[in-house]
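Novice: Below is the structure, and that's it, no one-letter string:
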């Protein structure tokens, strides 16, 4: 029996059951962290502080200091809204108006379970 | 996991709805991340909860607006009132009466003095109330024949506050139900006058009458009705062809109305014409010298009914069914048709003292001033005559004001008093508020303990207060005529000496200023001589201490000191009750406040 189970917001259909695809355990946590950091503040109803506002970073001059600040900020968010995971390290690279963020995370209950979560943001127009 | 046995469906708040959805999901095995805000499931729950929240709020608003008691929007309240057959009262202009005497005329271009001078409709006057200037107009032509000395006298010319407007409509649709909006939010609908021309070339327009009812209206009735529209503007409309005629297509409707400023214009006393007073239709004939004297100051101005007023009056109107039978019918009808009412008391003649069978006694405290005018009484009588039972007559009784004088000594702790506070002024304001809120209406009694508590609660620094209460009534004696007077205070008077006193006056045969003074139940006119001894001059009447009735017997007043004559009593009890037509009040001039500082450790020296 999986410990965590969540819904895939892409609503992909399971090829056999034809039901909506679910995410379990580590995938469910990754899914939640991605939702959190990619959401802009004010987007989630009645939760004005929810969201990593990643889009606002797109045109910033990112330095190592910024990475550290962002890590702290997002860890505070995780504490409030996604207490299952914590960010150990955060790398940001920018290239041609695109930004790649690589999150190194671990599960709080089992710190030995570590995983990465790549997030890419790019201009579309 | 077992499904929850009950499901809460009454919550309106987003968070509660979402919590209920989580409770539901907790009984299912498919998804377990409902408790984590960042999970995909949480986003789905947000959407579901938002949708439910949205529908619940909408249902709540709709349900509220569906009932007169809970409706919040004016348009909804109007709609409910309309269903109950109630027409809301809009703004009302105040009306004054003046006498105009035109002594001489200016005659230009060889014009000659007319035998009859006509003051035309729309003649404008200016008057100032407080610091605001108001325009008043005449709504009808008034004429006066030439006097022997060449002057013209126009008595009781009615001036209506506001600006006279005229608006034309072209009829393009003669089907029933066409609404004509009046493009002015401040229209006093009681001043509207509608003339209808059949076509542009029609030189004999007909006057159509404003109606408040469908009684006696048939297919030949040239009537129109007014109502407040959903957008706050007034509008008028015609009947359906069977009940009231409809103007034909091509007709031109000319609506005249006064745009008013309502309650603020009450109390205008001095009127000056805006331009020269001219004879109707002839600007060559104007008044050269004239005198305008006040016959009746402006009264009756009122602001539009508020939403709470509409709710109250519409329900009463429905109960009354436009008929005056019971006491509450009279109250409701007078309040509906007559705006200048602050408080009203109605009782049957059988309850009156003395008994007056076949009469309904009406006592009205106006919004402005102390008494309603004779014109206003006539207006109310006319309205009620159509709706009351045959053989039942209306009798007006003016309210009797019992003025309460309070002398308060307030003891306060200076260490607790805020620096910016003037305690005496603050207490005076509180007393005035008390009078306005707790008194000044029929049936409102003066409760001393409440009053004393209000003073104590003015500020934390007030330790206590010692307050003395007296009551007085004013009397307008007829000078140089021997007459008896009766003053009823409706409250027991304290037994003793000088528990009934008065302001100074002179009586026939006595040079000194005297005052009233009682010894028990006997009342005397007395004065105090140079060495401070009280000298009785004449027997002045008797006092019924238990009933609070003072009878002044056969006194001939020759002069009174000051603007009015006051008779003051010391009541037996500090609570003062109001009789049937009594209104208790505390006027600002009757409030005496003294504040005395005392430290918590200090022994009090009573003042």
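Specialist: That came through, no problem. Computed from a predicted model, the values in this text were never measured in an experiment.

Novice: For residue B:542, list each beta-bridge partner.
Specialist: Listed by DSSP bridges, the beta-bridge partners for residue B:542 are residue B:522, residue B:551.

Novice: Spell out the residue ranges of the helices in the stretch 401-550 of chain B.
Specialist: Applying DSSP state H, counting those that start in this stretch to the stretch 401-550 of chain B gives helices spanning B:423-438, B:448-456.

Novice: Indicate which one of those is closest to residue B:356.
Specialist: helix B:423-438 (31.1 Å; Cβ to Cβ). No exception for glycine: its C-beta is placed from N, CA and C like everyone else's.

Novice: For residue B:479, see how far away the residue most central in space within chain A is.
Specialist: Geometric centre of chain A, nearest residue: residue A:34, 2.4 Å, by Cα atoms, centre = their mean. Remark: distance between residue A:34 and residue B:479 (Cβ to Cβ, to the nearest Å) = 98 Å.

Novice: I'd like to know which elements the lengthiest helix in chain A is packed against.
Specialist: Identified as the longest helix of chain A according to DSSP state H is helix A:64-81. Packing contacts for helix A:64-81, counted by 3 or more Cβ pairs under 8 Å, 6 or more residues apart in numbering or on different chains; DSSP states H and E, involve helix A:25-38, strand A:85-95.

Novice: Name the residues of the shortest one that are buried.
Specialist: Residues A:85-87, A:90, A:92, A:94 are the ones in strand A:85-95 that count as buried (16 or more other Cβ atoms under 10 Å in any protein chain shown).

Novice: likewise stretch B:238-253?
Specialist: Buried, per 16+ other Cβ under 10 Å, within stretch B:238-253: B:238-239, B:244-247, B:251-253.

Novice: Equivalent analysis for stretch B:421-428, please.
Specialist: B:423-424, B:426-428.

Novice: in the longest strand belonging to chain B, what's buried?
Specialist: Secondary structure of chain B per DSSP state E: the longest strand is strand B:282-299. Residues B:285-287, B:290, B:292, B:295-299 are the ones in strand B:282-299 that count as buried (16+ other Cβ under 10 Å).

Novice: what does stretch B:28-38 give?
Specialist: B:31-34, B:36-38.

Novice: So which of those residues is the closest to residue B:505?
Specialist: Out of these, the member with the shortest distance to residue B:505 (by Cβ to Cβ) is residue B:37, at 84.7 Å.

Novice: Can you tell me the closest non-neighbouring residue to whichever residue of the stretch 101-250 of chain B sits closest to chain A?
Specialist: Residue nearest to chain A within the stretch 101-250 of chain B: residue B:230 (32.8 Å; Cβ to the nearest Cβ). With sequence-adjacent residues excluded and distances taken as Cβ to Cβ, 6 or more residues apart in numbering or on different chains, residue B:230 is closest to residue B:75, at 4.3 Å.

Novice: okay, now the one you found: neighbour count?
Specialist: Residues contacting residue B:75 under the criterion other Cβ atoms under 10 Å in any protein chain shown number 13.

Novice: Show the model's pLDDT score for it.
Specialist: For residue B:75, the model assigns a pLDDT of 92.

Novice: next one: residue B:210
Specialist: pLDDT, residue B:210: 93.

Novice: Could you double-check that it sits in contact with residue B:194?
Specialist: Yes: assessed by Cβ atoms under 8 Å, residue B:210 is found in contact with residue B:194 at 7.2 Å.

Novice: neighbour-wise, which of the two wins?
Specialist: Taking other Cβ under 10 Å, residue B:210 and residue B:194 do not tie; residue B:194 has more neighbours (24 against 15).

Novice: And the more buried one, which helix or strand is it part of?
Specialist: strand B:187-197 (DSSP states H and E).

Novice: Which one of the buried residues of strand B:282-299 is nearest to residue B:344?
Specialist: Distances from residue B:344 to the buried residues of strand B:282-299, taken by Cβ to Cβ, are shortest for residue B:299, at 15.8 Å.

Novice: what's the pLDDT at the closest one?
Specialist: The model's pLDDT for residue B:299 equals 87.

Novice: and what of the one 10 residues further on?
Specialist: Each residue has a pLDDT score; the one for residue B:309 is 90.

Novice: in whichever helix or strand it is part of, what counts as buried?
Specialist: Using DSSP H and E, the element containing residue B:309 is helix B:307-320. Going by neighbour count (16+ other Cβ under 10 Å), the buried part of helix B:307-320 is B:310-311, B:313-318, B:320.

Novice: closest to residue B:359 among the residues you listed?
Specialist: For these, the nearest to residue B:359 is residue B:320 (19.7 Å; Cβ to Cβ).

Novice: The closest one is in contact with residue B:328, isn't it?
Specialist: Yes: Residue B:320 is within contact range of residue B:328, at 7.4 Å (criterion: Cβ under 8 Å).
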